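[1] Have a look; sequence and predicted model below, questions after that.
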Amino acid sequence: MNPLYPREADRCRSENESIARFRQLMPDITRRIIDSCNEPDCFMHVGYEPIPSRHDAKRIIKIGMQVLFPGYFAGKKIDPLNLTYRIGQLTTTLYDLLTEQVVLSFRHDCYRYNKSCTSCASEGHEAVLEFFRAIPDIKRTLAEDVRATRDGDPAAHSVDEIIFSYPGVYAISVYRMAHKLYELGVPILPRIMTEIAHSATGIDIHPGAQIGQRFAIDHGTGVVIGETTLVGENVRIYQGVTLGALSLPPGAGEHLKGKKRHPTIEDNAIIYSGATILGGKTTIGKNCTIGGNVWLTASVPPDTKVFIETPELIYMDSNGSKTK
């Protein structure tokens, strides 16, 4: 007899006993879970319109990138002969998909927050039409962002490399689409889109931030740009930069909704890696350079460089003795 058979029989018996116990206990466990849904301290989303689909938001981004940068993300050749057909096909698909999710966003907020709106569908369709009217301007702005990235990065061999592979350009592209939807009053969906880019790149740009042309994010990982941040033109930031708000005591956040909480960065500023700039009253003036790991909660006048004083370094040999 194979010595493994008794062990196999014991394993099957144990599994069957576990399944039987699960079936016995599950009705009570399920009832307790359902009861917890009605507790005031727990959250649930029952009886309302569905939240916009994260899956479809990813599709919107994917198709949107193909419209903004024709030929780069298509997976097939686009030439002058089929350009009209391909762009027409993409815009039609994007329109249908985006309209569905935008209308859903308006309808969800209407029912969820008792706004008693009677024109969710028409508002959604109008917002999408305005978004499509803005696409040529978004394309021109992104072209300037790409040029700024190329001009400031000697490691960039071509604009093709930048558009196709740079996480900063991807995050900025998604932000520019989401920001337009945010400006048009579309709820939820713009934030879903920028959080998808955040997950993919480590770059967290709130769709409400206002960012001028020729914006470049080098490397990018760990960048945070808050909702009420104002960024001028020709600004470059590096990895780990935070343009954030000052921390608030519990419950104070409700009183500051819609108010300026994040800094203003004026034209031609450069902010190096790890710098943290906080507060709605903090302004970094034109042509400023902010060094790495600087912490700022106060304004800096134009044409100023801010650096941390060089720290004292200690060098030791293998015996633990100082060598310098």
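    In hand now; what should we look at? Numbering: from 1, shown residues only.
[2] use CA for all of it now, contacts and neighbours both
    Fine.
[3] Let me see the contact set for M177.
    Shown in contact with M177 (CA atoms under 8 Å, 6 or more residues apart in numbering): 64, 138.
[4] next one: D153
    D218.
[5] what secondary structure does it sit in?
    For D153, the assignment made with DSSP: H, G, I helix; E, B strand; the rest coil gives coil.
[6] and it, backbone torsions?
    According to degrees, to the nearest 10, the main-chain angles of D153 amount to phi -130, psi 100.
[7] the strands in the stretch 151-300 of the chain, which residues?
    204-205, 210-211, 216-218, 224-225, 230-231, 236-238, 242-244, 264-265, 270-271, 276-278, 283-284, 289-290, 295-296 (DSSP state E, counting those that start in this stretch).
[8] right, so of those strands, which gets closest to T141?
    Using CA to CA as the criterion, the shortest distance between T141 and the strands of the stretch 151-300 of the chain is 10.4 Å, found for strand 210-211.
[9] picking that back up, for the strands of the stretch 151-300 of the chain, please prepare a markdown table with the additional fields mean neighbour count.
    Output for those, formatted as a markdown table (neighbours: other CA atoms under 10 Å):
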| stretch | mean neighbour count |
| --- | --- |
| strand 204-205 | 25 |
| strand 210-211 | 20 |
| strand 216-218 | 24 |
| strand 224-225 | 22 |
| strand 230-231 | 23 |
| strand 236-238 | 22 |
| strand 242-244 | 24 |
| strand 264-265 | 26 |
| strand 270-271 | 24 |
| strand 276-278 | 25 |
| strand 283-284 | 24 |
| strand 289-290 | 23 |
| strand 295-296 | 18 |
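[10] will you turn the ones you listed into JSON lines that also has distance to S321?
    Listed next are the strands of the stretch 151-300 of the chain as JSON lines, based on distance: least, CA to CA, whole Å:
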{"stretch": "strand 204-205", "distance to S321": "44"}
{"stretch": "strand 210-211", "distance to S321": "51"}
{"stretch": "strand 216-218", "distance to S321": "39"}
{"stretch": "strand 224-225", "distance to S321": "42"}
{"stretch": "strand 230-231", "distance to S321": "49"}
{"stretch": "strand 236-238", "distance to S321": "37"}
{"stretch": "strand 242-244", "distance to S321": "39"}
{"stretch": "strand 264-265", "distance to S321": "46"}
{"stretch": "strand 270-271", "distance to S321": "38"}
{"stretch": "strand 276-278", "distance to S321": "36"}
{"stretch": "strand 283-284", "distance to S321": "44"}
{"stretch": "strand 289-290", "distance to S321": "36"}
{"stretch": "strand 295-296", "distance to S321": "33"}
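[11] Mean confidence (pLDDT) on stretch 119-132, please.
    Along stretch 119-132, the predicted local confidence has a mean pLDDT of 91.
[12] Let's have the strands of the stretch 151-300 of the chain in a markdown table, adding mean pLDDT and distance to Y95.
    Below are those laid out as a markdown table (pLDDT from 0 to 100; distance: least, CA to CA, whole Å):
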| stretch | mean pLDDT | distance to Y95 |
| --- | --- | --- |
| strand 204-205 | 98 | 24 |
| strand 210-211 | 98 | 25 |
| strand 216-218 | 97 | 29 |
| strand 224-225 | 98 | 29 |
| strand 230-231 | 98 | 30 |
| strand 236-238 | 98 | 33 |
| strand 242-244 | 98 | 33 |
| strand 264-265 | 98 | 34 |
| strand 270-271 | 98 | 37 |
| strand 276-278 | 98 | 38 |
| strand 283-284 | 98 | 39 |
| strand 289-290 | 98 | 42 |
| strand 295-296 | 98 | 43 |
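[13] Quick check: which of these is nearest to A156?
    strand 216-218 (10.8 Å).
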